[in-house]
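In: no FASTA, just this:
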C-alpha cells in the first residue's frame, strides 16, 4: 500500500538527479528512454508502493518540479 | 490527501535559467516559502544583484528591483527608509556581496538597516565563467587560479559571516548550507527568522547560504553537494554567529 503520491512536472526538469540521490528509499530513477522538452532525462518512480511521502525529493529539487501528497 | 510539498506561491511560473542542480533554485524557494508563511508576500520588495541571480526579479512573485553590481544593500536601504512598512530583502551572490559590494554590506550592517540579506556563497564566480572569487577556497582551481588558489599573493578566502558578526549593528548573522535536505530545512528556519527579525524591527539580518556551482566546479550536481560538505563546511563552519538578543 503506497503511502505517498509523487507528481513530476517533467517538462520543467533539468535532470540534475538530486531527487534520486536524496530519496531515502532509492525509488526515483531517471528515465533513460525519454527526453523532456528541455532535452533532459526526466525522473520517474516504478515502485510507488515503497514511497513514504517524506517529501525529501521535493525539498531538494531546485526547480520545484515535484509535488508530494500523503495518502 | 494532504499535500506534503508543492511549488511555492511565492515563485512565479517562469522557468529559471539556472544550470541543472544549481542551488540558487533551492534558495529561491526557501525565500519564497518564508515570505508566504509569514504572510508578507504582498508587501515584500526584493533587490536583485548582478551575477547568476541577476534575473531573480523574474522568479519571485513579489515586487523586485535590480541594483547596480554590489549595491543591493544600498538600494534596499533606500526602499526600506522610504517605505518602512514593506519587507525588504536583498538576494546576493559572493561576487556581488563579498567582492564589489563589501563596502555597501559592511556599512548597511553598521547602520543596522532593518533589512534581510540572503547571501549565496558558492566559492566561485558563476555567471562570468568560473573565475576566482574572494570566497574561493585555498587550493581550489578556477579559470583564474589554474594551480589552485595560493595564500601568498591571493590571500585567504573571506568569511563574511564571521566578519559581519564583529559589527555591532549586524543583529542576526547565521551561516547555513544547502547540500542536503536536513540542512535545507535548517536553512529555511534561518531565513524565516531573518525575515521575522525585520518584521519585529530588530535590525540588520544576514543569512549566508553555502551553495554549489556544478558547472564551474566541473562536477555533477550530486558530486558538487558532496564537495561542498567535505571542503566548504570545514572552512566555513555552520551556525549562528549573532542573535538580536546579544549585545557587543
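Out: Nice, thanks for sending it over. The shown structure was predicted, so the numbers you read here are calculated from the model rather than taken from an experiment.
In: burial of residue B:146, as a residue count?
Out: Residue crowding around residue B:146 was assessed by other CB atoms under 10 Å in any protein chain shown; the count is 8. All C-beta spots, glycine's among them, are computed from the backbone N, C-alpha and C.
In: list the contacts for it?
Out: Residues counted as contacts of residue B:146 (CB atoms under 8 Å, 6 or more residues apart in numbering or on different chains): none.
In: Leaving out sequence neighbours, find the closest residue to residue B:58.
Out: Distances taken as CB to CB, 6 or more residues apart in numbering or on different chains place residue B:14 nearest to residue B:58, at 4.8 Å, with adjacent residues excluded.
In: what number of residues lie near the one you found?
Out: Residues near residue B:14, counting by other CB under 10 Å, number 12.
In: Which helix or which strand is home to it?
Out: Secondary structure from DSSP states H and E places residue B:14 outside every helix and strand.
In: do the same with residue B:186
Out: Element membership of residue B:186 [criterion: DSSP H and E] is helix B:181-199.
In: Let me know the next secondary structure element after that helix.
Out: For helix B:181-199, the succeeding helix or strand toward the C-terminus, using DSSP H and E, is strand B:204-210.
In: helices or strands next to that next one in the packing?
Out: Taking 3 or more CB pairs under 8 Å, 6 or more residues apart in numbering or on different chains; DSSP states H and E as the contact definition, the neighbouring helices and strands of strand B:204-210 are helix B:102-110, strand B:116-121, helix B:160-164, strand B:170-177, helix B:181-199.
In: For residue A:8, find the nearest of these.
Out: helix B:181-199 (17.3 Å; CB to CB).
In: near chain A, anything from the closest one?
Out: Yes: residues of helix B:181-199 are located near chain A by CB under 8 Å from any CB of the partner chain, namely B:181, B:184-185.
In: What parts of chain A come near chain B?
Out: Proximity of chain A to chain B is confined to A:4-5, A:9, A:12, A:14-18, A:21-22, A:40, A:53-56, A:58-64, A:66-71 under the rule CB under 8 Å from any CB.
In: So among the residues you listed, which ones count as buried?
Out: By the neighbour-count criterion of 16 or more other CB atoms under 10 Å in any protein chain shown, the residues of chain A next to chain B include these buried positions: A:4-5, A:12, A:14-18, A:21-22, A:40, A:53-56, A:58-64, A:66-70.
In: how about the helices in the chain?
Out: Just so you know, I chose chain A. In chain order, chain A shows helices spanning A:18-22, A:56-60, with DSSP state H as the criterion.
In: sorry, should have said chain B
Out: Along chain B, the stretches classed as helices by DSSP H are B:24-37, B:72-82, B:94-95, B:102-110, B:151-154, B:160-164, B:181-199, B:214-217, B:221-227, B:233-235.
In: any idea which of the residues of helix B:181-199 next to chain A is closest to chain A?
Out: The nearest member of these to chain A, counting by CB to the nearest CB, is residue B:181 at 4.5 Å.
In: Thank you, goodbye.
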